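K.L.:
Okay, sequence plus prediction incoming.
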Amino acid sequence: MDRIPILRLGDTLLVTVQVDMHDQLAVRLLDDLTTMITKVRARGVLIDISALDMVDSFIGRMIADIAATARILDARAVVVGMQPAVAITLVELGMSLPGVQTALDVDHGMELLREPRDS
Amino acid sequence: MAWSSCVSPAIPDPNRPAFRVEIAANEDVVVVRQRAREQSQRAGFSLLETTKLVTAASELARNTLEHGGGGIAEIEVVTDGIRRGVRMTFVDEGPGIPDIDMALRDGFTTGGGLGLGLGGSRRLVSEFQIQSTAGKGTRVQVIRWK
C-alpha cells in the first residue's frame, strides 16, 4: 500500500510530498499524520510541497484538514514551498487556504514552528 | 447519444496525437493530469498555463469518476488557425446533472467535496461547455488557448 513517509525530528513531524498524489494517498496522509501527532505528542507538523506541481481542490482540502486537525490536537502545521504557479491556480480555483500557515521554505517553516505560541 | 459541437471551431493538430484515458479509479485521475501536462507542453504553454490546465483536468476527471461513475477523457492539442490550445473532453454515462446552473455554483456539492470542481475548473480554462442528460450521462468539453 502506498504511503507518504512521515519523519520525526524531536517534537516535530516532517512530511515531504514527492509524488503526484491520488486521492486515497492524500486521505491516508491525513490519517497517518493524525495518528502520529497523538502517538508522539508532536507540537509541530511541517509539510513540504515544493515538489508538487499541482494542488487541486481535493489536495487543497487535505492540506486544510491537516492544519485544522493539528490545531485541535494542540500542534501547529506549516505548509512550505508552494510553487508560485500552484498558488495562483489555487486561488483562481477558489481556495485561499484560510487557517493554513505557510512559509516559503523549510528554514522559515521551522522558524515559525519554534516561535512561542499565543495560547 | 449525439452531442452538439463545443465552443469555437478547433482542429486537432495532426502532428500531436490525442490521448485517450479511461477513468475508472483514483489512479486514473493522476494519469489524466500527466497527459494534460504532456499536451500542454506540446502546445507550448507556459508553466502557469500548464498548471491551470492540469488542475482543471484533475477536477474534471474526478467529477467523471465520482459523479459519472467513470468514463473517458480525451486530451488533444488543437488549433483554430491562429492560436494553439489544448482541448479536453470528459464523457461519462452516469446519472447526469439535473441542474447544471446549480452544479456550476461554487460551494454546491452532492459528493461531499468542496463544490469547486466544475465552477473552479471553468475559471481555469478559456472555453467551457457542459451537456448533460438525465439517466444518460454528462459530457464536459473545455479548451485552454495559449
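P.N.:
That came in fine, so what should we check first?
K.L.:
avg pLDDT for the host helix or strand of B:Gln131?
P.N.:
In this structure, B:Gln131 is located in strand B:127-133 according to DSSP states H and E. Per-region confidence: strand B:127-133 scores 93 on mean pLDDT.
K.L.:
for that strand, the distance to its chain's centre please.
P.N.:
For strand B:127-133, the separation from the chain centroid amounts to 10 Å (computed by Cα atoms, centre = their mean, to the nearest Å).
K.L.:
how about it: buried residues?
P.N.:
Judged by neighbour count using 16 or more other Cβ atoms under 10 Å in any protein chain shown, the buried positions of strand B:127-133 are B:127-132. C-beta here means a position set from N, CA and C on the backbone, and glycine is covered the same way.
K.L.:
and if you look at stretch A:11-28?
P.N.:
A:12-17, A:20-23, A:25-26, A:28.
K.L.:
Wait, A:Val40 touches A:Arg8, no?
P.N.:
Yes: applying Cβ atoms under 8 Å as the test, A:Val40 and A:Arg8 come out as touching, 5.8 Å apart.
K.L.:
and the helix ranked longest in chain A, is it in reach of chain B?
P.N.:
The single longest helix within chain A, with elements called by DSSP state H, is helix A:23-40. Yes: figure legend: helix A:23-40 in contact with chain B (Cβ under 8 Å from any Cβ of the partner chain); contacting residues A:23-24.
K.L.:
Could I get the full set of helices for the chain?
P.N.:
Picking chain A for this. Using DSSP H, the helices of chain A run over residues A:23-40, A:57-72, A:84-93, A:106-114.
K.L.:
um, chain B though
P.N.:
Listed in chain order, the helices of chain B (DSSP H) span B:26-42, B:47-66, B:100-104, B:117-123.
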